[in-house]
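**Student:** Mind folding the following:
(one chain, ligands or ions: 1)
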Amino acid sequence: MQKYDIVIIGSGLGGLICAAVLSREGYSVCVLEKNDIPGGCFQGFKRFGRTLDTGVHYIGSMDEGEILHRCFSYLDIMDEIKLVRLNEDCFDQIVYPDQSYSYAMGEERFIEVLAKDFPDERENLQHYIKIISDIADAVTVEGFRKGKISTSNLDIFSLSAWKTIAGITQNERLRHLLSNPAMLYGGDKAVSTFYIHAMTTSSYLHGSYRFLGSSMQLTDALIRKIEGNGGKVITRAQATAIRCDQNRVSGVEVNNAELIEANHVISTMHPMKTLEITDRTTNIRKAYLSRLRSLPNSYGFFTVYLIKKKNSDPYINHNIYFYADGQDAWHRTSFPDDKGVIGVLTSMRPNEEDIRYTSVVELLTPMLYKEVEPWKDTLYERRGDDYRQFKEQKTEEIFQYVRQFDPALLENTEHVVTTSPLSYRDYTGTPEGSAYGIMKNYQNPLSTLIPVRSKVKNLLFAGQNVNMHGVLGVTLTSLISCSELLGEEYLAKKIGNS
Ligand SMILES: Cc1cc2nc3c(=O)[nH]c(=O)nc-3n(C[C@H](O)[C@H](O)[C@H](O)COP(=O)(O)OP(=O)(O)OC[C@H]3O[C@@H](n4cnc5c(N)ncnc54)[C@H](O)[C@@H]3O)c2cc1C
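**Tutor:** Sure thing, here's the model as predicted:
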């Protein structure tokens, strides 16, 4: 029976970053993935001859010297991924029925561009950017060089995102605009923390990029590194039990059969799901499990992929957010009938052969699990006619929504493919098909920020439910998990000085 230093559960970004770091530092690692194909949200899937991306549209902090660029440089994968830098004068276009605005890259440019539309708000915009940077400065390359990966300053987690934005300006339209990144963390006015808002906003200001080709290339690059370092990534290997001996992890049972022994286990599954398969002999309290179970998840997405005729649609080098009258990016979870289209994010990828054109346009709208709950006991591709009708109706609602703003976006469409939170639930194992994992709550940051160290010895958590979601958040969380084994100062300095 093979024994590894570290067995990692899940081959999404969180699991692969952990494996790439630890194998690079000399540990023997094995990644277990339940699906046929690795990658989690970084997995592409083929339809009508095109590869469609599962769950990543753009990534931030990727300019040279910025934090994610540093991490990927340390892992030696920068030459293996092809990226396109988004338009620096407008990487996000935010469109209301009466007017459209631009988010520009770089802190100064961001202020300059918005100050043209809001000349009386220049000072408020400067103040907004200052507080965003003060928080984002908690995680900087400089901090890494000095040996610091994580921040332990709880005060910054206790600020409300919405109240902070509302305190910046009285101008309603500007409040809406500054709230736009809430769509990127499932923001809820009542609970969301400004820390996540600031990290997300700052990250995109410091270099927003799209993949040229599928996001799978990041998965492939990381796996090549892991295997090159002697590590293993095994697919069709579902972790069905985490075995423990005297409150210490001893291995992972795969597919209810084989046991793979390990000195440490890192799980990127939802912490509740991890603990549900962990031996009952450990000292995990029932109260802790019920608390984890009770934590609300962020919403998921309903995605419409428009597969276009060859070379018919020009590639647009920015994202477009549409909001109908009176709508903004805050998700109104407190409204029981929250079923309509609440804003649409439009994203496209340039064709690899000719970057003037795009072949797939994605339209995404937030969707609560309760909308698809009637089909919760069904399986992929066997959900029945009523589910198909539900998806067709939702697609038509989204088309009508988009037509108000830009009907040309829908033209030249050859095929339509859709996914719902149920697809994510069944594919990535994410509870309720949530896009961003556990909702962070500024009123109670300690209970929603799950520490990477679990209550079981040598069992660590990583992935989007711990600390922060998204490419930046998941990468940083993986580094925090790895630093439990390597030492924070050692790993931070290696990345900061690489
Ligand atoms: C529609 C959508 C759009 C998004 N857009 C962006 C974006 O533009 N930019 C951005 O930064 N972020 C975006 N995100 C968020 C980002 O994709 C995620 O936060 C991140 O990729 C999550 O990585 P992860 O490793 O934590 O989880 P996942 O990618 O979900 O990986 C978990 C893996 O674990 C596997 N697994 C689960 N259970 C088991 C088990 N028992 N045994 C073995 N394997 C198991 C799953 O199959 C999966 O492969 C988006 C998310 C969604 C859903």
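**Student:** Buried by neighbour count: which residues of the helix or strand of the chain with the lowest mean pLDDT qualify?
**Tutor:** Ranking every helix and strand in the chain by mean pLDDT, DSSP states H and E puts helix 141-146 at the bottom, with a mean of 80. By neighbour count, with 16 or more other C-beta atoms under 10 Å as the criterion, the buried positions of helix 141-146 are 141, 143, 144. Yep, even glycine has a C-beta here, placed from its N, CA and C like the rest.
**Student:** do the same with stretch 74-81
**Tutor:** For stretch 74-81, the buried set under the neighbour-count rule, 16+ other C-beta under 10 Å, comprises 74, 75, 77, 78, 81.
**Student:** ok so, going back, so for the very next helix or strand once past the least confident helix or strand of the chain, what gets flagged as buried?
**Tutor:** As assigned by DSSP states H and E, the chain's next helix or strand after helix 141-146 is helix 161-168. For helix 161-168, the neighbour count (16+ other C-beta under 10 Å) marks 161, 162, 164, 165, 168 as buried.
**Student:** who does the least confident helix or strand of the chain touch, helix- and strand-wise?
**Tutor:** In this structure, helix 141-146 makes packing contacts with helix 67-74, helix 488-496, judged by 3 or more C-beta pairs under 8 Å, 6 or more residues apart in numbering; DSSP states H and E.
**Student:** mean confidence for the shortest one?
**Tutor:** When the per-residue pLDDT values of helix 67-74 are averaged, the result is 95.
**Student:** centre of the chain versus it, how much separation?
**Tutor:** What separates the centre of helix 67-74 from the centre of its chain is 17 Å, taken as C-alpha atoms, centre = their mean, to the nearest Å.
**Student:** before we move on, what about the last one?
**Tutor:** Relative to the centre of its chain, helix 488-496 is centred 24 Å away, using C-alpha atoms, centre = their mean.
**Student:** what does the protein put close to the ligand?
**Tutor:** When proximity is defined by C-beta under 6 Å from any ligand atom, the chain lies next to the ligand at 9-15, 32-35, 40-42, 55-59, 238-239, 268-269, 301, 303, 424, 428-430, 435-436, 463-464, 469-471, 474.
**Student:** taking these one by one, which sit in strands?
**Tutor:** Among those, the members falling in strands are 9, 32, 239, 301, 303 (criterion: DSSP state E).
**Student:** looking at the residues you listed, which has the most residues close by?
**Tutor:** Each of those was scored for neighbours by other C-beta atoms under 10 Å, and residue 9 scores highest at 29 neighbours.
**Student:** Show me which helix runs longest in this structure.
**Tutor:** Selection of the longest helix in the chain by residue count, based on DSSP state H, yields helix 385-403.
**Student:** List the neighbouring strands of the helix or strand that that helix is followed by plus their orientation.
**Tutor:** Sequence-wise, the next helix or strand beyond helix 385-403 is strand 413-419, with elements assigned using DSSP H and E. Strand 413-419 has these partner strands in its sheet, going by DSSP bridges: strand 300-308 (antiparallel).
**Student:** what does the partner strand rub up against?
**Tutor:** Residues from elsewhere that reach strand 300-308, judged by C-beta atoms under 8 Å, 6 or more residues apart in numbering: 47-48, 50, 52, 358-369, 391, 394-395, 398-399, 409-410, 412-421, 424-425, 432-435.
**Student:** Just want the angle from the helix or strand containing residue 199 to helix 67-74.
**Tutor:** Secondary structure from DSSP H and E places residue 199 in helix 194-205. Comparing the axes of helix 194-205 and helix 67-74 via axes from the mean of the first three to the mean of the last three C-alpha atoms, to 10 degrees yields an angle of 70 degrees.
**Student:** Report all helices and strands that helix 194-205 contacts.
**Tutor:** Helix 194-205 makes packing contacts with helix 122-136, helix 161-168, helix 470-486 when contacts are defined by 3+ C-beta pairs under 8 Å, 6+ apart.
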